[in-house]
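1. Predicted model follows, preceded by the sequence.
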Amino acid sequence: MVLLALAAVALVPDAAHACAVCFDGPGETRQAFFATTAFLTLLPLGMLAGAGAWLRSRARRLESEDVEKKQHPES
Amino acid sequence: MSAGSVAYQMEQRPEPVRRAPLVSSGLLGMLIFIFAEVMFFAGLISAHTIVRAQTAGALWPPYGQPRLPVEQTAVNTAALLVSGIVLLLSWFAFRREPSSARIPLALSILLGGFFVYAQGTEWVALLGEGLTMQSSTYGGFFYLIVGTHALHAVGALAALGWAWARLNKGLLTETQLATVAAFWYFVVLVWPVLYIQVYL
């Protein structure tokens, strides 16, 4: 049975188009896979970077407000 | 070092400075939730993009399936965007004088309610024309993406309604309004992306 399966694989070497990215699926499908892979990879990184930048600017603002309060406690 | 000198040093130590948190716990929780939901919608958009690309060259929407009401939904989209702008105005009004935010907040809820109602009537019409979850991948994606957004819109409207009720009782805090508003802004800002992706 194993030999038969190996023979079948050897005699019918066409690539299985199970993965539209790895083999020659339609060009637009491949483009869509690449674009969505880039989108799903970069989106969380972009959101994290945005959140980090926002928190940093907020921390700096609060710090400068603290300094100002110490310098002018009556205001 | 004697016990007396330790006690003296502890008395001399300055009080630790208690800083206000960078972000309130409620807003931070909402931002984490929104982060997760953005990725959820990104997954749906990606799946839709790939399925649509696989039918390139063929008709999209598929033959026999009704066309989506692009113009009517553009009006709903405008109502939703205006709702977001009015909510921003209510935020500024709240910071000046909390009670002055009542009318803009109510208007924002009404515009959001109009959006959900109009989308609902659109669904009824499309179901009547034969577009269902099972009719095609086109129908399946339409109801999945737009329906998920509608669920978020209903949830965010409920939260805005809660905020409005607390505002009327004089109990609403700035942090609570910011948290609820962040959810509504997510609903408002993700919709144009979905509209372009699904309807156009």
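-> It's in. Numbering: from 1, shown residues only, chains lettered A, B, ... in the order given.
2. Only C-alpha atoms from now on, for both contacts and neighbour counts.
-> Fine.
3. Now do the contacts for B:Glu129.
-> B:Pro66 (CA atoms under 8 Å, 6 or more residues apart in numbering or on different chains).
4. any idea how far A:Ala10 is from the residue nearest the centre of chain B?
-> Nearest residue to the geometric centre of chain B (CA atoms, centre = their mean): B:Val187, 2.3 Å. Shown here: B:Val187 relative to A:Ala10, a distance of 54 Å by CA to CA, to the nearest Å.
5. same thing with B:Leu88?
-> B:Leu88 is 67 Å from A:Ala10, by CA to CA.
6. any idea of the mean pLDDT in the helix or strand where B:Thr148 lies?
-> Using DSSP states H and E, B:Thr148 sits within helix B:137-169. Taken as a whole, helix B:137-169 has a mean pLDDT of 95.
7. Quick one: list the elements packing against it.
-> helix B:25-54, helix B:102-128, helix B:174-199 (3 or more CA pairs under 8 Å, 6 or more residues apart in numbering or on different chains; DSSP states H and E).
8. Give me the neighbour count for residue 34.
-> Reading this off chain A. 13 (other CA atoms under 10 Å in any protein chain shown).
9. Correction: the question concerned chain B.
-> The burial count for B:Ile34: 17, using other CA under 10 Å.
10. Can you give me every residue that contacts it?
-> Here B:Ile34 is in contact with B:183, B:186 (CA under 8 Å, 6+ apart).
11. For stretch B:63-82, buried residues please.
-> Residues of stretch B:63-82 classed as buried by neighbour count (16 or more other CA atoms under 10 Å in any protein chain shown): B:65, B:68, B:73, B:76-77, B:79-82.
12. Ok, stretch B:31-48 next?
-> B:31, B:34-35, B:38, B:41-42, B:44-48.
13. Among the residues you listed, which one lies nearest to chain A?
-> Set against chain A, the nearest of these by CA to the nearest CA is B:Ser46 (5.4 Å).
14. I figured that closest one hits A:Gln31, correct?
-> No. Assessed by CA atoms under 8 Å, B:Ser46 is found out of contact with A:Gln31, at 11.8 Å.
15. Need the overlap of contacts for the two.
-> By CA under 8 Å, 6+ apart, no residue touches both B:Ser46 and A:Gln31.
16. mind checking pLDDT for residue 14?
-> Because you didn't say which chain, this covers chain A. 61.
17. That was the other one, I meant chain B.
-> 71.
18. give me phi/psi at it?
-> The phi/psi pair for B:Pro14 (degrees, to the nearest 10) reads phi -70, psi 150.
19. Check the spacing between it and A:Glu68 real quick.
-> 20 Å.
20. Next, the contact list for B:Tyr138, please.
-> So B:Tyr138 contacts B:61-62 (CA under 8 Å, 6+ apart).
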